[in-house]
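A.B. asks: sequence unknown, structure follows:
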Ligand SMILES: Nc1ncnc2c1ncn2[C@@H]1O[C@H](COP(=O)(O)OP(=O)(O)O)[C@@H](O)[C@H]1O
Ligand SMILES: Cc1ncc(COP(=O)(O)OP(=O)(O)O)c(N)n1
């Protein structure tokens, strides 16, 4: 039987309260009418107040999960989020290269609460070996600073960081997210050929847990449908703006976003 929906895969950690990681990715895929699959890298004990504990899945078992998926059905696109170690990244890189699957990397490093989610060796591997395999990477300001080695405060700094990503690190395209800067929430897509700038009003809320995961999951879902990166970026931006605006108001801290109400493009 031929499949009736596009398929997107997320390779990421879990958040038992459903705000970040695999669970929010699957909600976003579903909301975009894309069939979701997942391979789990780490189990975290976290909530809207912070990360209480992390258990990394043994690398052989990550390999086993990905083998189960790829032996059975080829996803149309995949994304990754939290990948705690360089060993896990090496396994993921092997699958991306073998199956030549469109791949979006959300280079997750630190949770909103300030807790580290991946180790220093993993950050080096990400910068030197993994980001080159992706169609697009989606760093926030802190991640872009860490990977590019620049301090980023202004639009000019963002342009300089993008040049490092594309010219020096060999990345195909990068979306630098401005959620952590002041003023409007402005995100920038850079490819070798052009820059696309999308801006929205900053929403005054602390309910932004899992925004980066959700944004990159929507982009991955749109890529799985065969949409262009530029179009996927627009949908991701519209979706996350609506999702933050209509927060479900869950938890005592930095709450998650809303997956119910966005039906646009
Ligand atoms: N307060 C906010 N108001 C509007 N958009 C926001 C806000 N915070 C984040 N965003 C948007 O959410 C997405 C994720 O951005 P960001 O918070 O920078 O990433 P991360 O969750 O990885 O730290 C981006 O599109 C960003 O512009
Ligand atoms: C398991 C897991 N993955 C990723 C994150 C970080 O999520 P992100 O959307 O990048 O940002 P915040 O939730 O920190 O705003 C996480 N906390 N847990």
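C.D. replies: Good, I have the coordinates. Keep in mind the model is a prediction, meaning the values are calculated, not measured. Numbering: from 1, shown residues only. Ligands and ions are numbered 1, 2, ... in the order given.
A.B. asks: use CA for all of it now, contacts and neighbours both
C.D. replies: Will do.
A.B. asks: what about residue 101, which SS state?
C.D. replies: Secondary structure, DSSP: H, G, I helix; E, B strand; the rest coil: residue 101 is coil.
A.B. asks: ok, it to residue 9 distance?
C.D. replies: 10 Å (Cα to Cα, to the nearest Å).
A.B. asks: mind listing the strands for the stretch 51-200 of the chain?
C.D. replies: 77-80, 103-105, 136-137, 173-177, 185-191, 195-200 (DSSP state E, counting those that start in this stretch).
A.B. asks: Which residue is it, in the stretch 51-200 of the chain, that comes closest to ligand 1?
C.D. replies: residue 179 (3.2 Å; Cα to the nearest ligand atom).
A.B. asks: Show the contacting residues for that residue.
C.D. replies: With contacts defined as Cα atoms under 8 Å, 6 or more residues apart in numbering, the neighbours of residue 179 are 140-141, 185-187.
A.B. asks: again, only this time at 10 Å
C.D. replies: 140-141, 185-187, 202, 208, 211-212 (Cα atoms under 10 Å, 6 or more residues apart in numbering).
A.B. asks: interface residues of the stretch 151-265 of the chain facing ligand 2?
C.D. replies: Contact residues (Cα under 6 Å from any ligand atom) of the stretch 151-265 of the chain with ligand 2: 208-213.
A.B. asks: so which pair among these is furthest apart in space?
C.D. replies: Distances among these were taken as Cα to Cα; the most separated pair is 208 and 213, at 10.5 Å.
A.B. asks: now, which of the contacts of residue 179 sits nearest residue 232?
C.D. replies: For these, the minimum distance to residue 232 (Cα to Cα) is 13.0 Å, reached by residue 187.
A.B. asks: Please tell me how far the closest one sits from residue 146.
C.D. replies: For residue 187, the distance to residue 146 - Cα to Cα - is 18 Å.
A.B. asks: residue ranges with poor pLDDT in the stretch 51-200 of the chain?
C.D. replies: Within the stretch 51-200 of the chain, no stretch has pLDDT under 70.
A.B. asks: just to confirm, which helix or strand has residue 238 in it?
C.D. replies: Here residue 238 sits within helix 229-245, counting by DSSP states H and E.
A.B. asks: list the contacts for the residue nearest to the spatial centre of the chain?
C.D. replies: Centrality entry for the chain: nearest residue to the mean C-alpha point is residue 106, 3.0 Å, by Cα atoms, centre = their mean. Contact analysis of residue 106 by Cα under 10 Å, 6+ apart lists 12, 79-83, 131, 136-140, 143, 175, 212-217.
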